[in-house]
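In: Structure of the sequence below:
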Amino acid sequence: MSKPVPRRWMKRLDAVLMPAPYRALASRLMLPAWPRARLAESRVERIREDVTSTRLGADRVGCLRVAGPLDIDPLSGLLFDDARLVSPQPGEELLPWPQARPDVTRRLRMNPVMRPPLSVLHHGDDGSLAAFCSDVLPRFFALDHLELPQDLLLVVPVSMGMTDRFQDAITDGVFRPRPVELMRQGRVTRSDTVYVIERPLGHAGVLGRIAARLAEVYPVDETADAPVDVLLCEGGPSRAERLLAGHADLRAAVAEGRLKVVDPADLPLRALVQRLRRARTLFAPSSGELSAAVLAGGFLQRLVEIAAPSGRTDPRPSVIAAGLGLDLERLASR
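Out: Just a heads-up that it's a prediction; the model follows:
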């Protein structure tokens with residue numbers, strides 16, 4: 001496939017859009033009309049697959065090998081084929097990828113960074129704890145489960161790679177010895193072969209590998225306090241008070257110290273994992289924090305999701321609970 005040649009108007013528009021605020025606005029306006037491409041079946045090959053049984057039925061993890069050249073957007077991890085957005089993305093899962101807005105203005109430059117065969121560890125522009133636990137970690141540990149080459153390059157979009165918890169994981173050696181590379185915000189990554197991991201979230205084997213590796217990297221002090229119930233919510237005690245306004249029994253448990261409130265935003269990854277590995281029951285609001293159950297292990301027996309007043313539901317906790325073999329309860333808002 002020939003490399004697209006930038007037209008004069010494209011170069012001029014790129015120069016005008018150099019300031020980040022203008023570029024972001026222009027990308028959002030241009031995205032709905034941006035050309036789409038559907039990959040030919042001959043370019044997508046299934047090379048690995050493993051099926052397991054959960055409480056929700058059969059769940060499988062697989063790997064697709066997609067022939068390029070393909071460009072990977074540095075902000076969302078989405079794939080482009082000859083400057084056209086691939087739609088649907090190969091390997092879209094049972095749980096749809098989070099809504100993402102790729103920076104289409106980068107296609108005006110047409111000077112990608114060439115990289116060897118690779119796999120993208122995160123799709124979407126969400127750098128939340130939920131995305132790290134339900135997307136990044138399962139995709140990474142599925143590589144070993146599927147016995148993919150150890151030298152396969154792993155790339156991470158800027159939206160996830162710059163978060164504290166991802167940087168903690170890099171520093172602490174969670175991803176060793178596999179090579180992990182943060183994409184450059186101002187450049188598009190191009191590869192002739194892209195490996196796509198399918199649906200790893202609910203696979204018991206993958207979740208077991210996550211727990212085993214975290215126990216190795218972040219060992220728990222055996223002399224620590226006995227297991228406790230944990231309420232995990234961003235915003236800490238102030239948000240917990242609002243969240244539990246209609247649950248007198250849980251408010252009493254917090255007051256008596258039987259239910260510990262933990263704000264994940266206040267803790268490095270090491271401390272968060274060690275807190276959760278002492279959890280017996282994990283409570284969390286329906287804003288995604290319950291996905292952190294993949295960080296726990298050992299004593300965890302039950303997951304409880306406290307519904308948001310908006311009534312919004314997150315499909316990930318039920319998949320994680322099934323993969324871990326745990327019960328999931330949902331408390332209605334009051």
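In: show me where the stretch 201-334 of the chain has helices.
Out: Secondary structure of the stretch 201-334 of the chain (DSSP state H, counting those that start in this stretch): helices at 204-217, 236-243, 248-255, 269-276, 316-324.
In: Can you tell me how far L152 is from L182?
Out: Distance from L152 to L182, counting by C-beta to C-beta, to the nearest Å: 16 Å. (Glycine included, C-beta is placed from N, CA and C.)
In: Okay, buried residues for stretch 230-240 please.
Out: For stretch 230-240, burial by neighbour count (16 or more other C-beta atoms under 10 Å) applies to 230-234, 239-240.
In: Go through the residues you listed and say which is closest to L78.
Out: Nearest to L78 among those, counting by C-beta to C-beta, is E234 at 26.2 Å.
In: and the closest one, what pLDDT?
Out: The model reports E234 with a pLDDT of 89.
In: Over to R334?
Out: On pLDDT, R334 comes in at 60.
In: cool, V5 as well?
Out: Reported pLDDT for V5: 47.
In: what do you get for L303?
Out: 93.
In: Please report the distance of it from D135.
Out: 18 Å.
In: Comparing the two, which residue is more hemmed in?
Out: Applying other C-beta atoms under 10 Å to L303 and D135 shows that D135 carries more neighbours, namely 27 against 23.
In: Give me the three-state assignment for the more buried one.
Out: Secondary structure assignment for D135 (DSSP: H, G, I helix; E, B strand; the rest coil): helix.
In: In contact with it, which residues?
Out: D135 makes contacts with 121-124, 201, as judged by C-beta atoms under 8 Å, 6 or more residues apart in numbering.
In: Same question for A293.
Out: Contact analysis of A293 by C-beta under 8 Å, 6+ apart lists 133, 276, 282, 300, 303, 317, 320-321, 324, 326.
In: Please repeat the previous calculation with a cut-off of 10 Å.
Out: When contacts are counted by C-beta atoms under 10 Å, 6 or more residues apart in numbering, A293 touches 133-134, 207, 232, 276, 279, 282, 284, 300, 303, 316-317, 320-321, 323-324, 326, 328.
In: Got a ChimeraX select line for the buried ones in those residues?
Out: To isolate the buried members of the contacts of A293 in ChimeraX, using 16+ other C-beta under 10 Å:
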select :133,134,207,232,276,279,282,284,300,303,316,317,320,321,323,324,326,328
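In: So what pairs up with R115 in the strands?
Out: Beta-bridge partners for R115, by DSSP bridges, are S191.
In: cool, the one 4 residues further on as well?
Out: In this entry, S119 is beta-bridged to L154, Y195, by DSSP bridges.
In: which residues touch it?
Out: By C-beta under 10 Å, 6+ apart, the residues touching S119 are 63-65, 139-140, 142-143, 148, 152-155, 178, 191, 193-197.
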